[in-house]
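Asker: Compute the structure for the input listed below.
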Amino acid sequence: MYLILRGWVAEFRIYFCNHFVGYIPSRRIRRLYYVMVMGFSIDPTSSILLQCCFDCKGGIEVGSSTVINEKCRLDSRGGLKIGKSVSISSNVIVLTASHDPRSATFEGIKKAVVIEDFVWIGTRAIILPGVTLGRGCVVGAGAVVTKSVYPGETVVGVPARPIASGRADMDYELSYGRLFH
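Answerer: Residues are numbered from 1 along each chain as shown. Predicted structure coming up:
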């Protein structure tokens, strides 16, 4: 009975997070829930905007001055580390778990995703398990990133491929302090 109740509590925590907390028009109140109840590590200078959803408790670490825009899906089952001054545009999906299509039992696979400092991820991009996005790289809108991206590189397309190299020596702080986001 205890295990059943514990499972219900865990499922309710995620449901409440994704269907109620994510709609509260205060990033500070949402952050408080994410840190205190969900067990995420989020720097106080960072913002997670409205309607973001999560797959499980814990496993997310967000550095300073990072902005995660509205309606993103952040999967932390395999671990997700996001650096400082990262800009994640709206509707981005970051996956850290999948299944082995060659497995007779459809075995689950978990691989951490690391997003280093000063990365910019464009709208509706998808980052797949095991990817590292190097410092200062840019992921174009709608790209599907299947392999790690070098520092300062710009990738676009499906699957994402490099089109340019840029600067990896960036030094700035993001701030997105709008009241009801």
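Asker: Identify the residues contacting F106.
Answerer: 99-100 (CB atoms under 8 Å, 6 or more residues apart in numbering). C-beta coordinates here come from the backbone N, C-alpha and C atoms, glycine included.
Asker: scratch that, I48
Answerer: Contacts of I48 by CB under 8 Å, 6+ apart are 27, 30-31, 34, 42, 62, 68.
Asker: With C53 instead?
Answerer: Counting by CB under 8 Å, 6+ apart, C53 has contacts 17-18, 22, 72-74.
Asker: Bridged to it, which residues?
Answerer: R73 (DSSP bridges).
Asker: Might one say that A10 is in contact with D55?
Answerer: No - using CB atoms under 8 Å, A10 makes no contact with D55, being 11.7 Å away.
Asker: top of the contacts of I48 by neighbour count?
Answerer: Using other CB atoms under 10 Å as the neighbour criterion, V62 leads these with 28 neighbours.
Asker: I'd like the distance between the residue nearest the centre of the chain and G59.
Answerer: Taking CA atoms, centre = their mean, the centroid of the chain lies closest to L74, which sits 4.0 Å from it. Applying CB to CB, to the nearest Å, the value for L74 to G59 is 9 Å.
Asker: Same question for G108.
Answerer: 15 Å.
Asker: between these two, who's got more neighbours?
Answerer: Neighbour count, other CB under 10 Å: between G108 and G59, G59 has more, with 22 against 12.
Asker: Who are the contact partners of the residue lying closest to the more buried one once chain neighbours are set aside?
Answerer: Leaving aside its sequence neighbours, G59 sits nearest to S76 (CB to CB, 6 or more residues apart in numbering; 3.2 Å). Counting by CB under 8 Å, 6+ apart, S76 touches 40, 54-56, 58-60, 96.
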